[in-house]
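> Below is the sequence, then the predicted model.
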Amino acid sequence: MKVLLCHKAEVLEEYKIMSKEIIKIEELKRDFTMGSETVHALKGISYSITEGEFVTIMGSSGSGKSTMLNILGCLDQPTSGTYEIDGVRVKDLNKNELATIRNEKIGFIFQSYNLLARTSAIENVELPLLYNSKVSTEERRERAVKALKMVGLGERLHHTPSQLSGGQQQRVAIARSLVNNPVMILADEATGNLDTRTSYEIMSLFQELNQQGITITFVTHEPDIATFSSRTIVLKDGNIIKDYKNENIQDAAEHLANLPKEDH
Amino acid sequence: MRLLNLLKIAFKAIVLNKMRTLLTMLGIIIGVASVIAMLAIGEGSKESIRSTISSMGSNMIAIKPGADIRGGVRRSREDMETLTLKDYEAIKSQASLLSYITPSVDGGGQVINGANNWPSTIYGVNPDYLNIKVWDLQSGSMFTDAEVKSAAKVAVIGQTIVENVFPDGTDPVGQMMRFNNIPFKVIGVLEEKGESTSGQDQDDIVIAPYTTVQKRILAIDHLMEIMASAISEDQAQNAVDEVSAILRVSHKLNETDDDDFHVRSMEELISTFSSTSEMLTLLLVAVASISLLIGGIGIMNIMYVSVKERTKEIGLRMAVGGKGSDILMQFLIEAILISVTGGVLGVILGLGATFFIEKFLNWPTSVALYSIVISFAVCAITGIFFGWYPARKASALDPITALRYE
């Protein structure tokens, strides 16, 4: 009985955390000046993402998707409007403060993995912590091992990228994005370079991580990737044209199981 | 902690590009090695000059009559008869900083022994001469003060005279020979001294009491030179001043009169020679420095390529939280690591080369600690100077562009 109460309290606690807004965007605009012409890449967008969500941002090229990603990742600043991440207004920050935000609050995953060549998996994963002076050498190693274990690469700590398959490399990249305990993982076409099977494996991993409470924003142009997420935002010509909760979330692990068996 | 991480990153980058790094270092290695070797050669020759002069008696002081105008004709100092025995006695009795002193006169002539003869120079001195010149006898003995007083016809001869005038290998000591027409009894033979720095054969010499040379050969009563040695090398300059003061009194010179004599210490000669060899050293170092500069440009070149090549990596580092200053430091430390490692290897190579030069080419060398310190400092500065621009460029990259760079 007591155990049950405890459990209930935990669930309540979890619910409270889950309602916390990680990303808050209001009337966000981003203009680029190309010669005498001004391009409005984002034309006043507002949305927010709460903790524990798995959001896909979709759109064809030219929709403002990449601009959105750069701003979400604190690599770029909006022209007007506000962007808050984990309660911090990004607009007023200088370059170094932006770097700190990226270091402490965001985990990046790229289409082409962007691992350091000829560098072991564990050293690749340790990279973000190298730029965080609060983390000691021992803690850094410990957290990197833990992150690699989370993505199922506990046995390949010392493999270099060239000794790993594409899927495994992306797993290393995911471990790298997790190692600094970010408030949000930001993935840019993370499955773009992978075959269907491996894509499902990676999506399954993302779903697993999401179930552990990690907020994920996934930028993609592939519609079937969006079916694995809990919410989809569709951009077109710098505006949100659709923003909907996914009622029928597909299970990537299930899809993986249903794939025809490969010949070995 | 922070610096340690940066060092680790830079070290990693260097290790990942061993061959390229080594080739880049080569410029620095050669530069530093040549600076060290050149300085060692320069220092070595300077020291060898100093020791050569030392062996001539580095605390030696030479007093010569000064050139003067007589009857409107400027005459050479050899013609001056202003230096006399009175001066010698005045200095000998008053000077406190001199340990030895001798009058000196000399004249050319033919040394004759039977059918053998040889043109040479006879030096008239007193027994102090050998102490002043730091010269030892091979056999026999030096003449005495008594023999000086009596103007005895005795002589001490150098090795060249022995070879040419007594070629049959018998001991010349005790034998008779003639200088021009004057018979001399050989009472001693000098040790071989070799050539002087100016290439003069120092063994081509006959030494006799100055009284004998004055009276019987030159028929003069003035002195051509007074030689002395200061009590120590450090006191040489003070001794020069002291002697000058004594001579001014002895020559009754007014305060406004110029000296009518010259007093010179070997120290002046040493510094003249040293400055010549310093000039040479400077030249050698200038050449070596150019190779160091070229090495530095090599570093800049490779760092520039490295930044270009690793643009995407820089983008990633920035994306995961690397600040501009972190990137700057990373590349700067990499450049400094390359140049300092190159410097260490260069020092080792330079010392090796110096050893080789000394051992196999028989050149005098001397490695000065300052040359190592300087070339090392120059190395680190080279690293910072030539690493700065590429590093600055890397740190100023826009993370978005850098990430998308292919």
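Yes, it's here.
> what's the domain layout of chain B?
With automatic domain parsing as the criterion, the domains of chain B are listed as B:2-52+B:272-404, B:83-259.
> Endpoint to endpoint, the last one covers what distance?
The stretch domain B:83-259 measures 12 Å between its terminal residues, going by C-alpha to C-alpha, to the nearest Å.
> The residue in chain A that chain B sits nearest to: neighbour count?
Chain B sits closest to A:N103 of chain A, with a gap of 2.3 Å, by C-beta to the nearest C-beta. Where you see a C-beta, it was placed from the backbone N, CA and C, and this is true even at glycine. Residues near A:N103, counting by other C-beta atoms under 10 Å in any protein chain shown, number 22.
> Remind me which helix or strand it belongs to.
Using DSSP states H and E, A:N103 maps to helix A:95-105.
> packing partners for the helix or strand that that helix is followed by?
With elements assigned by DSSP H and E, the helix or strand that comes after helix A:95-105 is strand A:106-109. Applying 3 or more C-beta pairs under 8 Å, 6 or more residues apart in numbering or on different chains; DSSP states H and E, we find strand A:106-109 packed against helix A:166-178, strand A:184-188.
> and those as JSON lines, adding mean neighbour count?
What follows is those, written out as JSON lines (neighbours: other C-beta atoms under 10 Å in any protein chain shown):
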{"stretch": "helix A:166-178", "mean neighbour count": "25"}
{"stretch": "strand A:184-188", "mean neighbour count": "24"}
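> Now render these as JSON lines, adding distance to B:L26 and mean pLDDT.
Output for those, formatted as JSON lines (distance: least, C-beta to C-beta, whole Å; pLDDT from 0 to 100):
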{"stretch": "helix A:166-178", "distance to B:L26": "35", "mean pLDDT": "94"}
{"stretch": "strand A:184-188", "distance to B:L26": "42", "mean pLDDT": "94"}
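> Ok, which of the ones you listed comes nearest A:Y200?
Nearest to A:Y200, of all the helices and strands packed on strand A:106-109, is helix A:166-178, at 9.9 Å by C-beta to C-beta.
> With mean pLDDT, mean neighbour count and distance to A:A175 as new columns, can the domains of chain B be given to me in JSON lines?
Formatted as JSON lines, the domains of chain B follow (pLDDT from 0 to 100; neighbours: other C-beta atoms under 10 Å in any protein chain shown; distance: least, C-beta to C-beta, whole Å):
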{"stretch": "domain B:2-52+B:272-404", "mean pLDDT": "86", "mean neighbour count": "19", "distance to A:A175": "12"}
{"stretch": "domain B:83-259", "mean pLDDT": "89", "mean neighbour count": "18", "distance to A:A175": "74"}
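> need those domains in CSV with distance to chain A, can you?
Below are those laid out as CSV (distance: least, C-beta to the nearest C-beta, whole Å):
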stretch, distance to chain A
domain B:2-52+B:272-404, 2
domain B:83-259, 58
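> quick one: buried residues of the helix holding A:N103?
Within helix A:95-105, the residues scored as buried using 16 or more other C-beta atoms under 10 Å in any protein chain shown are A:L98, A:A99, A:T100, A:I101, A:R102, A:N103, A:E104, A:K105.
> quick one: low-confidence parts of chain A?
Residues of chain A that meet the criterion pLDDT under 70 lie in A:1-19, A:262-264.
> Where do the helices of it begin and end?
For chain A, applying DSSP state H gives helices covering A:2-18, A:65-72, A:95-105, A:121-130, A:137-150, A:166-178, A:196-211, A:223-226, A:252-258.
> Tabulate the ones you listed in JSON lines, adding columns for distance to B:S104.
Formatted as JSON lines, those follow (distance: least, C-beta to C-beta, whole Å):
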{"stretch": "helix A:2-18", "distance to B:S104": "107"}
{"stretch": "helix A:65-72", "distance to B:S104": "94"}
{"stretch": "helix A:95-105", "distance to B:S104": "82"}
{"stretch": "helix A:121-130", "distance to B:S104": "80"}
{"stretch": "helix A:137-150", "distance to B:S104": "79"}
{"stretch": "helix A:166-178", "distance to B:S104": "90"}
{"stretch": "helix A:196-211", "distance to B:S104": "102"}
{"stretch": "helix A:223-226", "distance to B:S104": "108"}
{"stretch": "helix A:252-258", "distance to B:S104": "110"}
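> tell me how far stretch A:71-90 is from the chain's mean position?
16 Å (C-alpha atoms, centre = their mean, to the nearest Å).
> buried stuff in it?
A:71-76, A:78-79, A:81, A:83-86, A:88, A:90.
> Endpoint to endpoint, that stretch covers what distance?
Using C-alpha to C-alpha, the two ends of stretch A:71-90 sit 9 Å apart.
> and if you look at stretch A:146-162?
Per C-alpha to C-alpha, stretch A:146-162 runs 22 Å from first to last residue.
> count of neighbours near the closest residue to A:G166 other than its chain neighbours?
With C-beta to C-beta, 6 or more residues apart in numbering or on different chains as the criterion, A:G166 has its nearest non-adjacent residue at 5.5 Å, and that residue is A:L194. As a burial measure, A:L194 scores 20 neighbours (other C-beta under 10 Å).
> For A:Q212, see how far away A:L194 is.
Distance of A:L194 to A:Q212, given as C-beta to C-beta, to the nearest Å: 22 Å.
> For the stretch 151-264 of chain A, which residues are neighbours of chain B?
A:R176, A:N180 (C-beta under 8 Å from any C-beta of the partner chain).
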